[in-house]
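Q: Let me see the structure of the following:
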Amino acid sequence: MASVVFIPVYNQREHLPILLEELQAIELPCDTILLVNDGSTDGSERIVRESGYPYIDLHENIGLGHATRIAVEWALERDYEIFGTLASNGKMLPKQMHRIMDPLREGRSEYVTGSRFLPGGDSPNLPRFREASIPLVNQFVRAMTGARVTDATCGYRAYRLDIIRRMQFDWRAPWLNTYGFEYYLYAKILLDGRIPWIEVPITMRYPEKGREYSKIRPVTGWYELLKPWVVARFDGKRLDAPAARPGRQTT
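A: All right, here's what the predicted structure looks like:
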């Protein structure tokens, strides 16, 4: 199955070169790395263009969801079957990419997301705010979907693109341009109950205390992160999934 891992890049001049070196040092468990310059203005755009990987240049930073949609459309047009996401800020380890991709390539799942809290996962330098807030988000997700997840906010994920093709709702809607896209899709999969999904242990490494670790904006960013779960729960829209199959299995 042809697979692509998408890397959104927004002002990551410091971290992106390190990530590219780490990618070049491993045997990739995917066919293609796709970089998307999401309106960077700090020199990251030049690094993307000179990386040697396929890339898309967006001249305006609209949001992660918008960049993801553009990358998904690129993958669909080229008949890729598996789509993954890797952050450009250095928090996710390229050498663990196989943990996300293997369950899909082996047919054990259709949607895979990482968890720093499963046995075998880790989160060095995890900020106290994140340490306290992630369990609360997990409880919120359970209230909205009924599913028990251990790390609802982890963005290290991959899935079968056939899920996108089966969608019975507008996945290009403007309100999904920020954090909405990935969390709305995740919520719909959990609510549907017929698409096999799993969490796998991964490491999320954070910088030392005092250094920037996220571009999520206070208040509005967290609202954009939580809103998709509520909308997915109550909007009545669904995935056109195939016949019932086993649901969650954590490895």
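Q: mean confidence for stretch 7-16?
A: For stretch 7-16, mean pLDDT rounds to 96.
Q: what residues does that stretch touch?
A: 19, 33-45, 47-48, 61, 64, 67-68, 71, 85-90, 215 (CB atoms under 8 Å, 6 or more residues apart in numbering). Glycine gets a C-beta too; all of them are placed from N, C-alpha and C.
Q: Reduced to three states, what does the closest residue to R165 other than its chain neighbours come out as?
A: Using CB to CB, 6 or more residues apart in numbering and skipping the chain neighbours, the partner closest in space to R165 is L76 (7.4 Å). Using DSSP: H, G, I helix; E, B strand; the rest coil as the criterion, the local structure at L76 reads helix.
Q: List the contacts of L76.
A: Contact partners of L76, counting by CB under 8 Å, 6+ apart, are 161, 164-165.
Q: Kindly indicate which of these lies nearest A147.
A: I164 (20.2 Å; CB to CB).
Q: Look up which helix or strand the nearest residue to the closest one once chain neighbours are set aside falls in, please.
A: Nearest residue to I164 in three dimensions, chain neighbours excluded: V72, at 6.0 Å (CB to CB, 6+ apart). For V72, the enclosing helix or strand under DSSP states H and E is helix 64-77.
Q: Following the chain onward from that helix, which element is next?
A: Following helix 64-77 in sequence, per DSSP H and E, is strand 82-85.
Q: quick revisit: just the ones in helices from the contacts of stretch 7-16, please.
A: Among these, DSSP state H puts 19, 44-45, 47-48, 64, 67-68, 71 in helices.
Q: Adding pLDDT, write those out as JSON lines.
A: Below are the ones in helices among the contacts of stretch 7-16 laid out as JSON lines (pLDDT from 0 to 100):
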{"residue": "L19", "pLDDT": "97"}
{"residue": "S44", "pLDDT": "97"}
{"residue": "E45", "pLDDT": "97"}
{"residue": "I47", "pLDDT": "98"}
{"residue": "V48", "pLDDT": "98"}
{"residue": "L64", "pLDDT": "95"}
{"residue": "A67", "pLDDT": "97"}
{"residue": "T68", "pLDDT": "97"}
{"residue": "A71", "pLDDT": "98"}
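Q: can you put the residues you listed in a markdown table and add neighbour count?
A: Shown next, in a markdown table, are these (neighbours: other CB atoms under 10 Å):
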| residue | neighbour count |
| --- | --- |
| L19 | 24 |
| S44 | 23 |
| E45 | 21 |
| I47 | 21 |
| V48 | 23 |
| L64 | 25 |
| A67 | 25 |
| T68 | 25 |
| A71 | 22 |
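Q: now, among the residues you listed, which is nearest to D170?
A: Of all the ones in helices among the contacts of stretch 7-16, D170 sits closest to T68, with 14.8 Å by CB to CB.
Q: so how far is L136 from that closest one?
A: Distance of T68 to L136, computed by CB to CB, to the nearest Å: 25 Å.
Q: How about F234?
A: Counting by CB to CB - F234 and L136 are separated by 20 Å.
Q: same thing with R160?
A: Going from R160 to L136 by CB to CB gives 30 Å.
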